[in-house]
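Student: Let me see the structure of the following:
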Amino acid sequence: MSDMLVALYRLPEQQSGLRKLEESSIVIRRAIAPEKQLVLDWVRSHFSQAWVDECEVAFARQPVSCYIAVEHGTMIGFACYEVTCRNFFGPTGVNQDARGKGVGTALLLACMHAMKADGYGYAIIGSAGPVDFYARTLGAVKIENSTPGIYEGMLRAD
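Tutor: As a prediction, this is how the structure comes out:
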């Protein structure tokens, strides 16, 4: 999968999407340090150990570089940035039952706006999965010859 480049100075606004989610009792917010173990356990139960490891790095940063989606006090999604490489977005994931509600888009935009506020002009989505989604939502473009990218030679569990 190729990496993708996002122009942070052309981001869509995020407020209307956040308001719609809040009307459905879904809140998107930055995780805080006392939530670390709960967030890591949730990521572990829904996704991979590699994503848990990346997410853990987000909690070593101040402020924490992980946003979470919470519905009625229960976590339903997460998104991290600047965990494997500076200026990179991901990993991100949403509970199967919560998909299609705009949660993933809201988490993505929260991270992108945070990266813009940190002073970046561009962000990189590493090994982008849903390429069409990122292109449509952010205007992201594929970075040619970016495979296997930063994950080349990475140790993997058998």
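Student: First-to-last residue distance for stretch 56-63?
Tutor: End-to-end span of stretch 56-63 (C-alpha to C-alpha, to the nearest Å): 13 Å.
Student: Buried residues of it, list them for me.
Tutor: 56, 58-59 (16 or more other C-beta atoms under 10 Å). In this view, the C-beta of every residue, glycine as well, is placed from N, C-alpha and C.
Student: in the chain, which spans are strands?
Tutor: Listed in chain order, the strands of the chain (DSSP state E) span 4-7, 26-30, 66-71, 74-81, 88-94, 122-125, 141-142.
Student: tell me the contacts of the closest residue to residue 116 other than its chain neighbours?
Tutor: Distances taken as C-beta to C-beta, 6 or more residues apart in numbering put residue 8 closest to residue 116, at 4.1 Å, once the chain neighbours are dropped. Residue 8 is in contact with 112, 115-116, 120-123, counting by C-beta atoms under 8 Å, 6 or more residues apart in numbering.
Student: Run through the bridge partners of residue 78.
Tutor: residue 68, residue 93 (DSSP bridges).
Student: from now on call the first residue 4
Tutor: With 4 as the first residue, the last one maps to residue 81.
Student: Now do it: how many residues are near it, please.
Tutor: Using other C-beta atoms under 10 Å, residue 81 has 26 neighbouring residues.
Student: Please apply the same query to the one 3 residues further on.
Tutor: Burial of residue 84, expressed as a neighbour count using other C-beta under 10 Å, amounts to 29.
Student: can you list the strands of the chain in CSV and add mean pLDDT and distance to residue 17?
Tutor: Shown next, in CSV, are those (pLDDT from 0 to 100; distance: least, C-beta to C-beta, whole Å):
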stretch, mean pLDDT, distance to residue 17
strand 7-10, 98, 14
strand 29-33, 98, 8
strand 69-74, 98, 11
strand 77-84, 98, 12
strand 91-97, 97, 14
strand 125-128, 98, 14
strand 144-145, 98, 21
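Student: which one of these lies closest to residue 18?
Tutor: Closest to residue 18 of these, according to C-beta to C-beta: strand 29-33, at 11.1 Å.
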